[in-house]
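Visitor: structure here, sequence nowhere to be found:
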């Protein structure tokens, strides 16, 4: 298996970024991911089932995330599948956050961004 | 637990997702949606509604997005389960294949669209004229009956014979008599001319004419003995001429001096054979004094044949009765009979052949277009081979491959067909307006209705099969591994197929060119025909004097004499005269003639002479030369000896080597007429008629109420119409005049339909030639590419540019030569069908054939030139290095 270059995945779309962020906190199932994304973006990224799973499918294809084997005993529905970050996905998330951080630092240096974070 | 409705609908809608995605995520999506809804319901019904809308939109978007993504990837993971699946998969492959090669697909689709569009347009005309049933009840049972006199056909019918048919024949459920003639409506501000029809009540039943108001005639009202002065007005006339008068029914109108009461108004746009009249009157009021006598051919007859009786049986019935009448009335009915002709045949028989020729020509264009698309497909041999081999590796058998290719071809063809139909719709109005003057239909009749669309669909499918066959057949026979291994794919065998296709295209183009050429020469010959008179700057018009007012020959002649004087006085008029039937007006009468001192001849065998009445100065006005003797003079009045002028053909035929002057002739029952002059021949009904035997008598000695005006003008004849009308009104203020026409309008009208045919076939031939020539270019380019290595070697070995060029051109010429041979053979065969359309030239006219061969050869040669030059420029080093 040829290792893929994480930098090639950048920049991430907002949807993918937030899904990765949501999974950074641990395994989640689809509904929970969508709920967390909704929360952390204060409602500006509100995904429906189609958009969510469409993104999930593509992220699975890009090996950013993987399915967790559903054999874990949980009190939730058996049908629900859980997802988690792959090492690759984690690396990609790291790089993207670093990139974003760099951008914010430049903005701070130029006094475009106060400590409060808003212009 | 039953799920709520929305969720059930959502679950069902999930089925629209592509299979793989659905299998993976559908369950989760449904769960997700259910939870969202549940939460939203807790927030309120408005929130729940909003959530439902959001979910629906999200699902719709996802379906579109995933389906679109699926198109872009080859998807061979799920094997098709049944024939429908196989077909759908082939369809998908086909669509994807076409979308992947947009250049080819567009060019091919446009080529097909042009071919199918042209065919559909022409077929819509054929459908309107030849196929669609006539708009009458049971139209196949409708027929017209014409009289025959000896060898002459399509004559009028004798009213008395018609009366006998009603009682003596048994094949007809209804027989109706009719006679169209203009009538003068008086009582308004100025006299008006209406188109009239004198009919029997049974005629209205034959054609199923319905009334929107009032009633039709009763049988008693139209019989001669019991005729009643009642009239039926057509809906259009009621609206346009009578202003939609509310009190029309029961209103008296004065026609030809007699007052009729209107008893009925027809439904809008009725169908009447030979044209819708403005007003119908009982045939008992027949306008000419002796028109209903025995032996006078005054009427036309329409018949409805009984169901179950064949045309032949009805014809035999009719002929039998005519034989009986011949026995009973030998004086009037000798050598007469009657012929039955179906109404459809009468209306369209004359144009059927021309239409079929045009349809065949446009069909040939489509064949050439097919060959072109087939060649285009073969040209992509290399890429196709690779694609096919991949599919074969994935498990498709040879038959399946062939099926897939065929599906793709038919799909392409259907797309082209749809575009073609749109094209046909776009040109419909223009085509219909141009062509309907020469056809027995109107512009709205030519439309793209169901039969035409079905035709387009059928032709599209056949076209797809035709040009898809070659590649599909090859795919089903070629070994896949060999395909993978070969270079530009197909090699020699493909070259032969392509060459054959091009030869076919060139040969068919030659046939079309030859057809167009023959029609052009024929038209030229027709236009060169000397009509016998000078058609420039000549104005014609017609009028009919009301019998009631002009009830004696003296009054008629007085009016005519004064009219000619007034006409001649108009400034700018070089000559004027009256003639009963002006040339090309389709008026005219013919009679069998008897010569003095001749053996008594059976009436049927006597020569027929076209008799016309003229005023003195007619020949001078028409520029018809007086060859011997004299023209009519003022002295040739009613009481003077009856004199006649005959035409050259009659004089030479009847009295060869002698002078015709002084000879005497008898025609009709009108006594003996002495020949006093011989004039040049003139055409009368149409330009390509065999020269008629013509005789002219003085109007003064044979006055009739109907006559035509001919005026030779300085300058544009139609400018003089008003002056002519006023001149006649100075003689009789109440006399309407109609049908103002310039003679050269009539002359060009004669050739109009031939011109249309010539232009259409010429257009097709040009398109065909263009397409075929592009085909030649394509094939030669291909051959040159194939033989690059060989050419490189030759150049390296010392062949010069000219030699290489000659080699390539030689290849091209070989194709053209074969095509010419085949094409000429086909043209000679096709000539047989053209013979009836040609005038003055044989169907195998050498000049035409040589000319089109030269044109084809020349143009094809030009097409060879570019590949030839390219070949001569091949760099041997590059060529030899090619693998």
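Guide: Received, thanks. Because the structure is predicted, anything quoted here is derived from the model rather than measured.

Visitor: where exactly do the helices run in the stretch 701-850 of chain B?
Guide: For the stretch 701-850 of chain B, the helices defined by DSSP state H, counting those that start in this stretch occupy B:721-731, B:743-786, B:788-796, B:801-834, B:846-872.

Visitor: take the ones you listed and lay them out in TSV including distance to chain A.
Guide: Where you see a C-beta, it was placed from the backbone N, CA and C, and this is true even at glycine. Shown next, in TSV, are the helices of the stretch 701-850 of chain B (distance: least, C-beta to the nearest C-beta, whole Å):
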stretch	distance to chain A
helix B:721-731	77
helix B:743-786	40
helix B:788-796	40
helix B:801-834	51
helix B:846-872	45
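
Visitor: tell me the most buried of those?
Guide: Using mean count of other C-beta atoms under 10 Å in any protein chain shown, the stretch among the helices of the stretch 701-850 of chain B with the greatest mean number of neighbours is helix B:743-786 (a mean of 20).

Visitor: from the contact counts, what lies against that helix?
Guide: Helices and strands touching helix B:743-786, as assessed by 3 or more C-beta pairs under 8 Å, 6 or more residues apart in numbering or on different chains; DSSP states H and E, comprise helix B:102-126, helix B:343-379, helix B:491-528, strand B:538-544, helix B:801-834, helix B:846-872.

Visitor: turn these into CSV, columns for mean pLDDT.
Guide: Shown next, in CSV, are the helices and strands packed on helix B:743-786 (pLDDT from 0 to 100):
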stretch, mean pLDDT
helix B:102-126, 89
helix B:343-379, 87
helix B:491-528, 84
strand B:538-544, 91
helix B:801-834, 86
helix B:846-872, 85
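
Visitor: for residue 39, grab phi and psi.
Guide: In the absence of a named chain, chain A is used. The phi/psi pair for residue A:39 (degrees, to the nearest 10) reads phi -70, psi -50.

Visitor: quick one: it from residue A:46, how far?
Guide: Noted for residue A:39: a distance of 10 Å to residue A:46, by C-beta to C-beta, to the nearest Å.

Visitor: these two: who's more crowded?
Guide: Neighbours around residue A:39 and residue A:46, counted as other C-beta atoms under 10 Å in any protein chain shown, are more numerous at residue A:46. The numbers are 13 against 10.

Visitor: for that one, which non-adjacent residue is spatially closest?
Guide: Spatially, and ignoring its direct neighbours in sequence, residue A:46 is nearest to residue A:38 (5.3 Å; C-beta to C-beta, 6 or more residues apart in numbering or on different chains).

Visitor: element containing the one you found, please.
Guide: Secondary structure assignment for residue A:38, by DSSP states H and E: helix A:30-40.

Visitor: and residue B:471, by the same measure?
Guide: helix B:450-477.

Visitor: which strands and helices sit next to that helix?
Guide: helix B:102-126, helix B:343-379, helix B:398-435, helix B:491-528.

Visitor: buried ones in it, by neighbour count?
Guide: Judged by neighbour count (16 or more other C-beta atoms under 10 Å in any protein chain shown), helix B:450-477 contains these buried residues: B:452, B:455-457, B:459-460, B:463-464, B:466-472, B:474-476.

Visitor: equivalent analysis for stretch B:624-631, please.
Guide: Buried-residue list, stretch B:624-631, by 16+ other C-beta under 10 Å: B:624, B:629, B:631.

Visitor: closest to residue B:646 among those?
Guide: The nearest member of the buried residues of stretch B:624-631 to residue B:646, counting by C-beta to C-beta, is residue B:629 at 9.3 Å.

Visitor: make CSV out of the buried residues of stretch B:624-631 and add secondary structure, distance to residue B:419 and pLDDT.
Guide: Formatted as CSV, the buried residues of stretch B:624-631 follow (DSSP: H, G, I helix; E, B strand; the rest coil; distance: C-beta to C-beta, whole Å; pLDDT from 0 to 100):
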residue, secondary structure, distance to residue B:419, pLDDT
B:624, coil, 56, 95
B:629, strand, 69, 92
B:631, coil, 65, 92
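
Visitor: okay, these in TSV with distance to chain A next?
Guide: Shown next, in TSV, are the buried residues of stretch B:624-631 (distance: C-beta to the nearest C-beta, whole Å):
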residue	distance to chain A
B:624	90
B:629	103
B:631	98
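
Visitor: and which of those residues is nearest residue B:565?
Guide: Closest approach to residue B:565 among the buried residues of stretch B:624-631 (C-beta to C-beta): residue B:631, at 17.0 Å.

Visitor: how about that closest one, nearest residue that isn't a chain neighbour?
Guide: Using C-beta to C-beta, 6+ apart, the nearest residue to residue B:631 is residue B:619, at 5.4 Å.

Visitor: returning to that earlier point: after the helix holding residue A:38, which helix or strand is next?
Guide: helix A:49-61.

Visitor: which strands or helices does that following helix pack on?
Guide: By 3+ C-beta pairs under 8 Å, 6+ apart, helix A:49-61 packs against helix A:14-24, helix A:30-40, strand A:65-68, helix B:19-43, helix B:45-71.

Visitor: chain center to the last one: distance?
Guide: Read it as helix B:45-71. 55 Å (C-alpha atoms, centre = their mean, to the nearest Å).

Visitor: next one: the shortest one
Guide: When C-alpha coordinates are averaged (C-alpha atoms, centre = their mean), strand A:65-68 and its chain have centres 13 Å apart.

Visitor: list the buried residues of that strand.
Guide: Buried, per 16+ other C-beta under 10 Å, within strand A:65-68: A:65, A:66.

Visitor: do it and chain B meet?
Guide: No - Strand A:65-68 stays clear of chain B (C-beta under 8 Å from any C-beta of the partner chain), getting no nearer than 9.7 Å.

Visitor: picking that back up, so which elements touch the helix or strand where the residue nearest to residue B:631 lies?
Guide: Residue B:619 belongs to helix B:618-622 when assigned by DSSP H and E. Here helix B:618-622 touches strand B:573-579, strand B:706-713, going by 3+ C-beta pairs under 8 Å, 6+ apart.

Visitor: what's the shortest one packed up against?
Guide: By that I understand strand B:573-579. helix B:553-569, strand B:608-614, helix B:618-622, strand B:706-713.

Visitor: as TSV, those with mean neighbour count and distance to residue B:390 would be great.
Guide: Output for the helices and strands packed on strand B:573-579, formatted as TSV (neighbours: other C-beta atoms under 10 Å in any protein chain shown; distance: least, C-beta to C-beta, whole Å):
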stretch	mean neighbour count	distance to residue B:390
helix B:553-569	18	87
strand B:608-614	22	79
helix B:618-622	23	81
strand B:706-713	22	80
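
Visitor: need the ones you listed in a markdown table (columns: mean pLDDT).
Guide: Compiled in a markdown table, the helices and strands packed on strand B:573-579 are given as follows (pLDDT from 0 to 100):
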| stretch | mean pLDDT |
| --- | --- |
| helix B:553-569 | 93 |
| strand B:608-614 | 91 |
| helix B:618-622 | 95 |
| strand B:706-713 | 93 |
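
Visitor: so which of those gets nearest residue A:29?
Guide: strand B:706-713 (99.1 Å).

Visitor: could you list the residues in contact with the closest one?
Guide: Strand B:706-713 is contacted from outside by B:534, B:537-545, B:560, B:563, B:567, B:570, B:572-582, B:585, B:587, B:613, B:618, B:621-623, B:699, B:717, B:719-720, B:724, B:728, B:737, using C-beta atoms under 8 Å, 6 or more residues apart in numbering or on different chains.

Visitor: can you list the strands that it pairs with?
Guide: Strand pairing for strand B:706-713, using DSSP bridges, gives strand B:538-544 (antiparallel), strand B:573-579 (antiparallel).

Visitor: buried set for the helix holding residue A:38?
Guide: Within helix A:30-40, the residues scored as buried using 16+ other C-beta under 10 Å are A:30, A:31, A:32, A:33, A:34, A:35, A:36, A:37, A:38.

Visitor: related to what we said a few turns ago, in CSV: the helices and strands packed on helix B:450-477, plus distance to chain A and mean neighbour count.
Guide: Output for these, formatted as CSV (distance: least, C-beta to the nearest C-beta, whole Å; neighbours: other C-beta atoms under 10 Å in any protein chain shown):
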stretch, distance to chain A, mean neighbour count
helix B:102-126, 27, 21
helix B:343-379, 36, 20
helix B:398-435, 28, 20
helix B:491-528, 40, 21
